[in-house]
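Peer 1: sequence unknown, structure follows:
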């Protein structure tokens, strides 16, 4: 018995080390490589000497990024957009989740069906574009906010959470003369802060990460979110890849360090909130797996 | 006695008509009307817009004013080679995503479950969850930096070993491998969360009994852990299958390039090119409708199938 336990401990040990190694190679090395490329000299990048450590330390790419006024403006705009989007999306989500979490809410099933059906069927890109266009939203800030401002999936998660709040709290508030909206603000909201924080982070991350609606609905430079900026940068990068016999051009090579620096620049905000996010999201996934 | 009497009274009160309920709870309807409005404008009005798949859409006449042409648009797309190519690409990429992307998180969860050192386990989890929160654009950026022909890390290593550089991103087969691989990379950690939770719900007594019976680690995995998470696996598999036609737009659009467009152009990308770039709204809408309808049928069918197997299904 003790022998087999020893053996299994050894196996655990080997397995742990192996998993850790795979993790380092697959998940940490790519990050290190990109940081190294962004900080290496054009010559070193071009000759393929850069692996995981900067060669001939050169901060030119980073200087260019921080001198690039339109990029900095895009960062500020993206933060602002993400914030507004998250607040409005959360308000809508609470507005739908609370009434639907009440089992005796009349019309509940019909309204639920109206919401859930949109998860499985949609009009598709062009009809949606035509709606956005006919509302005169094209090329406005609101084109990046309104069309995606509500997620039925997130609403179902929140609804499940609301349903778990003891009914008696609401009843006593009602006896004290509290209205339905008052209950949401004074009772439900403070009690659901963890769930609301989780979903806000989900909304914020999804807004931060997506670029397609900006691609479809806006063309003005000042409405360009960071992801779209990066996507356009990568597209030129990919095209230069096709031209195999590109001349040895220093500016082209600096482009590489610049792309690497931009990738880090765009992902840093997510990596910064990630530790705070992590505390919550596992729970969020768990609630999400329970069907509403 | 009294209690049940009281209950009866409230239910009969509840059964008073709609009007009274509405009067005392109009605020609830006010609340729900906001998100309803959002869904109606941005989901249901576009569904009405689908009618332009059966019309010869004219920008100046609008959705209502354009003339009906019956199934002409569909006849057109079904006689169009490129249409079948994008359907094929959508299916190929999605099926490959499922074949490689679906079992990967299960495997990872099984391995993580074997790690008893909780600190180490936590740090590995933190690392593998992270890519889920990066955008496809950033993931594509990583891919370019790693696999570009001349300066990418992988090719640097390959040429450093004295071998020829491999055109990973411009050669069709290696592009598909990298597309699928990067998807697995991004999703494996996140996907494993739910399986880990399911595994932690299995009774430890089962394992203890198995150990007493002398079952090896692999046997315990096979006979206890896997059956223990069976229903989770099935439900998630259903969800995956249901989405087989829905290959989004962003990932193939960002990762594709002109040299691999023969395999990277999926329905979403095609709709964008034909609709938004060439302005053929009716054609693009018809293709989108085709995708949505097949997708819906698949979800319904697969859900039935799940119930047939005695599982809960999605609804």
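Peer 2: Great, that's in hand. In this text the structure is predicted, and so the values were computed from the model without any measurement.

Peer 1: Spit out the contact partners of residue A:163.
Peer 2: A:101, A:103 (CB atoms under 8 Å, 6 or more residues apart in numbering or on different chains). Heads up, the C-betas are built off the backbone N, CA and C, glycines and all.

Peer 1: Centre of the chain to stretch A:100-118, how far?
Peer 2: 28 Å (CA atoms, centre = their mean, to the nearest Å).

Peer 1: So is that stretch next to chain B?
Peer 2: Yes: residues of stretch A:100-118 contacting chain B under CB under 8 Å from any CB of the partner chain: A:100, A:102, A:104, A:105, A:106, A:107, A:111, A:114, A:115, A:116, A:118.

Peer 1: pretty sure the fifth one is in a helix, no?
Peer 2: No: assignment of residue A:106 by DSSP: H, G, I helix; E, B strand; the rest coil gives coil, placing it outside any helix.

Peer 1: which residue sits closest to it, ignoring its sequence neighbours?
Peer 2: Computed as CB to CB, 6 or more residues apart in numbering or on different chains, the closest residue to residue A:106 that is not its neighbour in sequence is residue B:21, at 5.1 Å.

Peer 1: Name the SS class of residue A:122, please.
Peer 2: Applying three-state DSSP: residue A:122 is coil.

Peer 1: Next up, phi/psi of it, please.
Peer 2: phi -140, psi 160 (degrees, to the nearest 10).

Peer 1: Please apply the same query to residue B:67.
Peer 2: phi -80, psi 140.

Peer 1: For residue A:271, grab the count of nearby residues.
Peer 2: 13 (other CB atoms under 10 Å in any protein chain shown).

Peer 1: Ok, residue B:93 next?
Peer 2: 21.

Peer 1: Over to residue A:131?
Peer 2: Around residue A:131 there are 21 residues (other CB under 10 Å).

Peer 1: doesn't residue B:44 make contact with it?
Peer 2: No: the criterion here is CB atoms under 8 Å, and residue A:131 misses it with residue B:44 at 9.8 Å.

Peer 1: Buried residues in stretch A:50-67, which are they?
Peer 2: The neighbour-count check on stretch A:50-67 (16 or more other CB atoms under 10 Å in any protein chain shown) flags A:50, A:51, A:54, A:55, A:58, A:61, A:62, A:65 as buried.

Peer 1: Keep only those of these that are in helices.
Peer 2: Among the buried residues of stretch A:50-67, DSSP state H puts A:61, A:62, A:65 in helices.

Peer 1: Excluding sequence neighbours, find me the nearest residue to the last one.
Peer 2: Think residue A:65. Per CB to CB, 6+ apart, closest to residue A:65 is residue A:261, 5.2 Å.

Peer 1: quick one: the one you found from chain B, how far?
Peer 2: Residue A:261 is 11 Å from chain B, where distance means CB to the nearest CB, to the nearest Å.

Peer 1: what bits of the stretch 201-315 of chain B have low per-residue confidence?
Peer 2: The model of the stretch 201-315 of chain B has pLDDT under 70 over residues B:247, B:310-315.

Peer 1: give the contact list for the residue in it positioned nearest to chain A.
Peer 2: Closest approach between the stretch 201-315 of chain B and chain A, counting by CB to the nearest CB: residue B:288, at 2.8 Å. The contact partners of residue B:288, taken as CB under 8 Å, 6+ apart, are A:123, A:124, A:125, A:126, A:127, B:53, B:267, B:271, B:275.

Peer 1: on that earlier part again, quick check, pLDDT for the residue nearest to residue A:106.
Peer 2: With respect to pLDDT, residue B:21 scores 85.

Peer 1: hang on, the earlier thing: let me know the distance separating the residue of the stretch 201-315 of chain B closest to chain A from residue B:269.
Peer 2: Residue B:288 sits 12 Å away from residue B:269, going by CB to CB, to the nearest Å.

Peer 1: Next: residue B:147.
Peer 2: 21 Å.

Peer 1: now swap in residue A:199 and tell me
Peer 2: 30 Å.

Peer 1: of the two, who's got more company?
Peer 2: More crowded of residue A:199 and residue B:269, by other CB under 10 Å: residue A:199, with 28 against 23.

Peer 1: Residue A:93 is in contact with the more buried one, correct?
Peer 2: Yes: with contact defined as CB under 8 Å, residue A:199 counts as touching residue A:93 (6.4 Å).

Peer 1: list residues touching both of the two?
Peer 2: A:154, A:158.

Peer 1: where along the stretch 1-150 of chain A do the strands fall?
Peer 2: Per DSSP state E, counting those that start in this stretch, the stretch 1-150 of chain A carries no strands over any range.

Peer 1: got any ranges where it has weak pLDDT?
Peer 2: Ranges of the stretch 1-150 of chain A meeting pLDDT under 70: A:1-8.

Peer 1: repeat that for 90
Peer 2: For the stretch 1-150 of chain A, applying pLDDT under 90 flags the ranges A:1-25, A:40-53, A:55-56, A:58-61, A:64, A:68, A:70, A:103-104, A:119-123.

Peer 1: list the contacts for residue B:147?
Peer 2: B:154, B:155, B:168, B:169, B:178.

Peer 1: Report the two of those residues separated the most.
Peer 2: B:155 and B:178 (12.5 Å; CB to CB).

Peer 1: If anything else comes up later, I'll come back, but that's it for now.
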